[in-house]
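Asks: here is a sequence with its predicted model. Questions after.
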Amino acid sequence: MGSAALAALYVAAMNEGRSTVAELLLLFFALYTPWVLVAAWRCASNSHPFWTTLARSLTVAWGINTALVLLFLQLSILAM
């Protein structure tokens, strides 16, 4: 829910041409995401080993995906 709200605010800021607000939202998202990833990683240990491995693997993939998305969104702001 939090990520979707941040994404909606980011889209609104970009549509209005408010790059400073978009930058701040990206910064907040970059700080918020590790908190969520760490929580998912730690909670994974409370399940069956198969699900622990799967959850942790997907958490790593999620982290890499988020880093790339943040990079490309930042580049799109700089291109404005």
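Replies: That came through fine.

Asks: show me where the chain has its helices.
Replies: 2-15, 19-44, 49-78 (DSSP state H).

Asks: pull out the buried residues from the first one.
Replies: Within helix 2-15, the residues that count as buried by 16 or more other C-beta atoms under 10 Å are 6, 9, 10, 13, 14. Backbone N, C-alpha and C define where each C-beta goes, glycine included.

Asks: go on, stretch 25-37?
Replies: Per 16+ other C-beta under 10 Å, stretch 25-37 contains these buried residues: 25, 26, 29, 33.

Asks: and residue 61, how far from residue 7?
Replies: 19 Å (C-beta to C-beta, to the nearest Å).

Asks: swap in residue 68?
Replies: 15 Å.

Asks: likewise residue 42?
Replies: 25 Å.

Asks: swap in residue 67?
Replies: 16 Å.

Asks: what pLDDT, on average, does stretch 5-16 get?
Replies: Per-residue pLDDT over stretch 5-16 has a mean of 91.

Asks: mind checking which helix or strand of the chain has the lowest mean pLDDT?
Replies: helix 2-15 (a mean of 89; mean pLDDT, DSSP states H and E).

Asks: all good on my end, thank you.
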